[in-house]
Every structure is written in structure tokens, then in C-alpha cells.
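Asks: sequence-free structure coming up:
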């Protein structure tokens, strides 16, 4: 089934048409702020795409992506994993959060429906869908849908894989998911919401654990760290660290070589 409706019965519409308002909004955001890590219309074109489910398979793909990030930012493995995750979680959460704010219709991104590409051009990652599945409903219904698809079916398995690969902290990774869900409400959907901070709180609370409570609202301040600050390159606008000097320094180079599992890709979630 390509389109899911919770609560009221949906009118019969082609699944691609149901997501067209979101696709148009994403295209406008790409033109205005561009380039986004979301394929136009959430449709994959060209070669080089692979399903997100491959990230958790023991074939080295996730390790290679994390290793590339580590080389790019000269980061130890757990920091590289956190930075790669910040990008992945942001670009996969963006269409979900924007659809929620736009018309209470969200794309159903799961490990099977989500496609990834890693182009050389910024932001270094593109997200698309293999089929235009969507769900519509009220706030509570959509919170459960997002928790069951984006979080449980897509994000949770990759977080576990990253933790197993680099020992990156789960709570910090979920903090990036929480930020990824609320950031688009202030940047790309501010004109749709009377109070973006209140809307962000509503969204996270409707989803529940493990993202509820990980961002202080309405100030949009994280309660966990994405570890960018440990690289000595400044702090993110949402950082929970007041003084960069309080952050732990990067691991020694020999430890980085010993644990070498890093990646490439921009921290597209806009540090």
C-alpha cells in the first residue's frame, strides 16, 4: 500500500500526488537556501543510489562512510560517527518535519523505502524514496507514525550499528535526531507556524522517547552534544556547551589510527 491514512478516511489520490505539496516546498527551499541533501521531489535519479537498509549490513559500507568523515574532519572514530549521523539524521528528518508542518502529511521513510547517494558535491549526501508512501492524521497519530517509521525502522538500527562500530553514545545520536526534527520548523517552515518553538515541542512530545526532552524549547538548545566542538572549530548555535574549553579534546592520533573507522560527508545539519 503506497499511502497510509490514520484516523479519517483519505480521499483516493495517487501516492505521488499526495506528496507534491511537500515536494514543491522542498524545491523552493533548495532554490532559496540550496543545495539540500534531499533529492528533488524525493525521487532518485541517476546512478549510485542504495537502500538505507544496507547501512546495517556487515559489508563495510557504514564503516567506509564513517571513515571518510573522519578523514575529512581529522576526527576520531566516535566523533566521525556523530558527525556523519548529524548529516544523515538531518536530511532524513527534514522532509518528515516539513510535511508535518505543511499539511500534516509525512513521507514514510524506513530502511527499505529510503535511498541514499553520496555525491562529491556538497552537502555530500542525498536522500530519496524508492516509493512515495505517506501518512496523514492529527498530531498524536502522526507522532506515533513518525516514531514507528523514521525512528524505529530507520534511525534506531543505524544508531545501534554506529554504537557497535565506534562506541558513539546513543543518547547523543538521538539528540541529533531530535534537533533534526525541530530545526526545519524554524528554518523552512517558520511562515507556516504561529509559534515554531511551541510547534517543535508539540512534535517531539507527540513522538515521545527517545527524542522527547532532548532539546530545550523554545530556545532550540540541545541537551546532548554532537561532538563538533571537540574538534576545536567552534560551537554549533544549538550547542549545550557554554565554553568550548570545557569540551574534551580529540583522541590522540595513534588511537584514531588504531580505531580507524570514519567517513566523509558534510555535517549537513548546519552546525
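Replies: Received it, and whenever you're ready, just let me know what you need. Not measured: the values here are computed from a predicted model. Numbers count the residues shown, from 1 in each chain.

Asks: Where does the prediction get shaky in this protein?
Replies: Applying pLDDT under 70 to the chain picks out residues 1-15, 242-271.

Asks: Can you mark which positions in stretch 185-198 are buried?
Replies: By neighbour count with 16 or more other CB atoms under 10 Å, stretch 185-198 contains the buried residues 185, 188, 189, 196, 197. Bear in mind the C-beta positions are built from the backbone N, C-alpha and C, glycine included.

Asks: again, but for stretch 199-213
Replies: Judged by neighbour count using 16+ other CB under 10 Å, the buried positions of stretch 199-213 are 199, 200, 201, 202, 203, 204, 206, 207, 210, 211, 212.

Asks: Export those as JSON lines, with columns for distance to residue 63 and secondary structure.
Replies: Formatted as JSON lines, those follow (distance: CB to CB, whole Å; DSSP: H, G, I helix; E, B strand; the rest coil):
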{"residue": "199", "distance to residue 63": "37", "secondary structure": "helix"}
{"residue": "200", "distance to residue 63": "33", "secondary structure": "helix"}
{"residue": "201", "distance to residue 63": "36", "secondary structure": "helix"}
{"residue": "202", "distance to residue 63": "37", "secondary structure": "helix"}
{"residue": "203", "distance to residue 63": "32", "secondary structure": "helix"}
{"residue": "204", "distance to residue 63": "31", "secondary structure": "helix"}
{"residue": "206", "distance to residue 63": "35", "secondary structure": "helix"}
{"residue": "207", "distance to residue 63": "29", "secondary structure": "helix"}
{"residue": "210", "distance to residue 63": "24", "secondary structure": "coil"}
{"residue": "211", "distance to residue 63": "26", "secondary structure": "coil"}
{"residue": "212", "distance to residue 63": "31", "secondary structure": "coil"}
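
Asks: May I ask which two of those are separated the most?
Replies: 199 and 210 (20.1 Å; CB to CB).

Asks: For residue 110, see how far away residue 157 is.
Replies: 10 Å (CB to CB, to the nearest Å).

Asks: Looking at the two, which has the bigger crowd around it?
Replies: residue 110 (19 against 15; other CB atoms under 10 Å).

Asks: who touches the nearest residue to that one once chain neighbours are set aside in this structure?
Replies: Spatial nearest neighbour of residue 110, excluding adjacent residues (CB to CB, 6 or more residues apart in numbering): residue 153 at 4.1 Å. Taking CB atoms under 8 Å, 6 or more residues apart in numbering, we find residue 153 in contact with 110, 111, 112.

Asks: Restricted to helices, list the buried residues of stretch 185-198.
Replies: 185, 196, 197 (DSSP state H).

Asks: Now do the same contact list for the second one.
Replies: The contact partners of residue 196, taken as CB under 8 Å, 6+ apart, are 185, 186, 189, 190, 218.

Asks: before we move on, what about the last one?
Replies: When the contact criterion is CB under 8 Å, 6+ apart, the partners of residue 197 are 186, 217, 218, 219, 220.

Asks: Same list (these) but as JSON lines, adding distance to residue 86.
Replies: Listed next are the contacts of residue 197 as JSON lines, based on distance: CB to CB, whole Å:
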{"residue": "186", "distance to residue 86": "17"}
{"residue": "217", "distance to residue 86": "19"}
{"residue": "218", "distance to residue 86": "22"}
{"residue": "219", "distance to residue 86": "19"}
{"residue": "220", "distance to residue 86": "15"}
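
Asks: Report the separation between residue 111 and residue 50.
Replies: Using CB to CB, one gets 11 Å for the distance from residue 111 to residue 50.

Asks: longest single helix anywhere in this structure?
Replies: When the chain is parsed with DSSP H, its longest helix is helix 77-103.

Asks: For that helix, which residues meet the burial criterion?
Replies: 77-102.

Asks: Listing partners with orientation, what would you give for the helix or strand that comes right after it?
Replies: Using DSSP states H and E, the helix or strand that follows helix 77-103 in sequence is strand 105-107. Strand 105-107 pairs in its sheet with strand 134-136 (antiparallel), by DSSP bridges.
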